[in-house]
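J.: Let's see this in three dimensions:
(2 chains, ligands or ions: 2)
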Amino acid sequence: MTTSQPATLVYQRPTSFSEATTHYCPGCTHGIAHRLVAEVLDEMGLREKAIGVAPVGCAVFAYNYFNLDFVEAAHGRAPAMATGIKRVLPENTVFTYQGDGDLASIGMAEIMHAAARGENITVIFANNAIYGMTGGQMAPTTLPGMKTTSSPYGRDVELAGYPIRVSEMLATMEGAGYVVRASLHDPAHIRKAKKAIRRAFETQERGLGFAMVELLSSCPTNWKVTPNEALEFIAKQMVPAFPLGDFKVHPEIAKLRV
Amino acid sequence: MSKQLLKGNEAFAEAAIRAGCEGFFGYPITPSTEFLEYMSRRMPELGRAFVQAESEVAAINMVYGAACTGKRVMTASSSPGISLMMEGISYIAGTEVPAVIVNVMRGGPGLGNIAPSQGDYYQMVKGGGHGDYFPIVLAPASVQEAIDYISLAFDLADKYRSIVHVVVDGNMGQMMEPAELPPMRPLPKTAPDWAVSGAKGRPPRALSSIYINPYDEEITNLRLLKRWLEIEKNEVRYAEIEMEDAEYAVIGFGTAGRVASSAVRAARQEGIKVGLFRPITLAPFPKQRLKEIARQVKRILVVEMNSGMMLDDVTAVVQGRVPVEFYGRMGGVTPFPDEILGEIRRVASNAAPVNGNAREEWIQRLETIIGGQA
Ligand SMILES: Cc1ncc(C[n+]2csc(CCOP(=O)(O)OP(=O)(O)O)c2C)c(N)n1
Ligand code: SF4
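T.: Ligands and ions are numbered 1, 2, ... in the order given. Here you go, the predicted structure:
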């Protein structure tokens, strides 16, 4: 005998998400990161005043996946574009979504100065240690010894230098209100990542300065591994190189229970 | 309002504010810096946005973002800074959002110098950034004209969702001149229907310059081209002095045109039937009127503060109907009225056709003036 129970909704598409199917590869964490942002915008009721800034990188079409206003920046310039928007529309919620090539190489000046100015924007930074969109070249975050299409013998630190730890660097900026590195390699970490994204948007809503969440992310396609192996690579290789943690948390945000 | 003694760059900045500029993003560079300094004072006073960006690359991308909100926004810079802005300029063009960019041109290429020049003609008029697009380019020749045309620049930018360049040179940026500022225009209460503002009670909007499908990009290119043809039809502007009965025409824009106007008046005193044709829209170039002039006059003298860039546009329109001669100073050198007067006398007394290349013949004359071979 079965007893029927009233249905409770446990899972649905966030309103901040569009109906579109993403173009991301199987096992790519860009989709997870997008979903977390959409859930947070829903929960905070920000969708109708949010303006997203998409990067040049695999997330170039992010504006198709969100059900909110979006602009699409030049490579690396999303923080500058977001600055322009936020300065003329200070009541709106402005966020960028950027990869590591976009943010930590070509757009290094823009991100550093946005943080230094305490620009009241939220930055979602997907660090997958590689240039995904252009087919797997070395990124400023590529690990020493890691093979890419432009470091075929493995990243030689003598010639190509060392990976850049962006969160640690930006946390030194007085203008930064919230700088945290999280990871997307398993459900427990994904839940933590979502809380970080929530706090990053709370930082903006409270006018506490620049906020960034760095998300250690996968690129199974260009790492040339399976989706599961990719998650393992994050846990075993990337987390040691890019330690997770709260590098800067404004006291007002630290008090917040999310 | 009455005339006051105004400093070029500051007057241009105030004109932009009165035209409704709500965001200025820039980076210091001589000879345009006073523009930014003035904005840093005035914009906060009015509760409007001002950011001194980390570079011209960032500045133009701030303009790009702010332009996507439909507000009137701008930057001002000078030649090397404009080169850095070309990335953002191309994206702004591709996204079809309005923006006004003032270039106070200086000597180049490279770091060049800080003296007045018109050496950015090609860069400004022919696009400069990558891809198929057409900027509107206004070239005023006095502080008053610059004030007027900066207002017009915002109107044209909005009307055609286009980039409008206002090109002046260090002379105009730095000079003090009596001029009258227009009254402050009220700011619009609503945003245009394409702007991003938050998707409240309407479907979301996405502003982008990406058309991944070439057929979609082609349709966009075609839309931009057709809009440009509209602009060519409606927005041509130029000024003329003594052209009605002219047998010789001097053609120059901006400061070169202004210096030439003194020379033309002096030549008229000597009985030479010469007039001045001064294009104000370098793009769209006043082709139609120039064709008429080519039918009217015996000879044309193009005067520029560069190596003969507009000269190419003039010869393309004149198509050999009358001889076209050239006189230019480069590198940040402004010609004196007497130099141009000498050229007018020479052109008016020389019945023989120009043999060969106007530029080559000018180089020979220039080398005798500056004494020595390059
Ligand atoms: C000015 C400019 N230079 C280079 C490129 C080519 N390009 C497109 S995406 C990209 C790298 C993107 O990598 P990343 O930011 O790490 O994002 P991912 O694709 O890995 O998500 C590059 C170099 C470009 N579009 N524009
Ligand atoms: S190439 Fe890499 S980053 Fe891009 S969608 Fe595929 S897995 Fe994701």
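J.: Now do the SS call for the residue in the stretch 101-250 of chain B positioned nearest to ligand 2.
T.: Nearest to ligand 2, among the residues of the stretch 101-250 of chain B, is B:I212, at 14.6 Å (CB to the nearest ligand atom). Glycine gets a C-beta too; all of them are placed from N, C-alpha and C. With DSSP: H, G, I helix; E, B strand; the rest coil as the basis, B:I212 sits in coil.
J.: Could you count how many residues lie near it?
T.: Residues lying near B:I212 (other CB atoms under 10 Å in any protein chain shown) number 8.
J.: And the helix or strand containing B:V314, what does it pack against?
T.: Using DSSP states H and E, B:V314 falls within helix B:309-318. Judged by 3 or more CB pairs under 8 Å, 6 or more residues apart in numbering or on different chains; DSSP states H and E, the packing partners of helix B:309-318 are helix B:121-125, helix B:287-296, strand B:299-304, strand B:324-328, helix B:358-370.
J.: how does it look with 6 Å?
T.: helix B:121-125, helix B:287-296, strand B:299-304, strand B:324-328 (3 or more CB pairs under 6 Å, 6 or more residues apart in numbering or on different chains; DSSP states H and E).
J.: Tabulate the ones you listed in JSON lines, adding columns for distance to A:V166 and mean neighbour count.
T.: Converted to JSON lines, these look like this (distance: least, CB to CB, whole Å; neighbours: other CB atoms under 10 Å in any protein chain shown):
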{"stretch": "helix B:121-125", "distance to A:V166": "35", "mean neighbour count": "22"}
{"stretch": "helix B:287-296", "distance to A:V166": "52", "mean neighbour count": "16"}
{"stretch": "strand B:299-304", "distance to A:V166": "48", "mean neighbour count": "26"}
{"stretch": "strand B:324-328", "distance to A:V166": "50", "mean neighbour count": "25"}
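J.: tilt between the helix holding B:V314 and strand B:299-304?
T.: For helix B:309-318 against strand B:299-304, the angle by axes from the mean of the first three to the mean of the last three CA atoms, to 10 degrees is 150 degrees.
J.: Could you give me the buried positions within helix B:309-318?
T.: For helix B:309-318, a neighbour-count test (16 or more other CB atoms under 10 Å in any protein chain shown) marks B:M309, B:M310, B:L311, B:D313, B:V314, B:T315, B:V317, B:V318 as buried.
J.: again with stretch B:129-145
T.: So stretch B:129-145, judged by 16+ other CB under 10 Å, has buried residues B:129, B:132-145.
J.: can you tell me which of the buried residues of helix B:309-318 lies nearest to ligand 1?
T.: After measuring the buried residues of helix B:309-318 against ligand 1 - CB to the nearest ligand atom - the closest member comes out as B:M309, at 27.3 Å.
J.: ok, now which ones touch the closest one?
T.: By CB atoms under 6 Å, 6 or more residues apart in numbering or on different chains, the contact set of B:M309 is B:Y121, B:Y122.
J.: do the one 5 residues further on as well
T.: B:V314 makes contact with B:I251, B:V302, B:V324, according to CB under 6 Å, 6+ apart.
J.: and if we set it to 8 Å?
T.: Contact analysis of B:V314 by CB atoms under 8 Å, 6 or more residues apart in numbering or on different chains lists B:I251, B:L290, B:I300, B:V302, B:V324.
J.: Tell me the spatial nearest neighbour of A:D186, not counting adjacent residues.
T.: Among residues not flanking A:D186 along the chain, A:L231 sits closest, at 6.7 Å (CB to CB, 6 or more residues apart in numbering or on different chains).
J.: Name all residues that make contact with the one you found.
T.: A:G27, A:H185, A:D186, A:S218 are the contacts of A:L231 under CB under 8 Å, 6+ apart.
J.: What strand or helix carries it?
T.: Using DSSP H and E, A:L231 falls within helix A:227-233.
J.: ok, which pair from the contacts of A:L231 is furthest apart?
T.: A:G27 and A:D186 (13.3 Å; CB to CB).
J.: Between those two, which has more neighbouring residues?
T.: Per other CB under 10 Å, whichever of A:G27 and A:D186 has more neighbours is A:G27, with 18 against 12.
J.: doesn't the more buried one fall inside a helix?
T.: No - A:G27: not assigned to a helix; according to three-state DSSP it is coil.
J.: quick one on the thing from earlier: how about the helices and strands packed on helix B:309-318 in CSV, adding mean pLDDT and distance to A:Q237?
T.: As requested, the helices and strands packed on helix B:309-318 are exported to CSV (pLDDT from 0 to 100; distance: least, CB to CB, whole Å):
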stretch, mean pLDDT, distance to A:Q237
helix B:121-125, 98, 47
helix B:287-296, 98, 63
strand B:299-304, 98, 61
strand B:324-328, 97, 62
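J.: domain ranges for chain B?
T.: Listed by automatic domain parsing, the domain ranges of chain B are B:4-234, B:238-370.
J.: Just name the most buried of these.
T.: Per residue and on average, the most neighbours among the domains of chain B fall to domain B:4-234, with a mean of 21 (mean count of other CB atoms under 10 Å in any protein chain shown).
J.: Which single residue of chain B approaches chain A most closely?
T.: Here the residue of chain B nearest chain A is B:G65; by CB to the nearest CB that distance is 3.0 Å.
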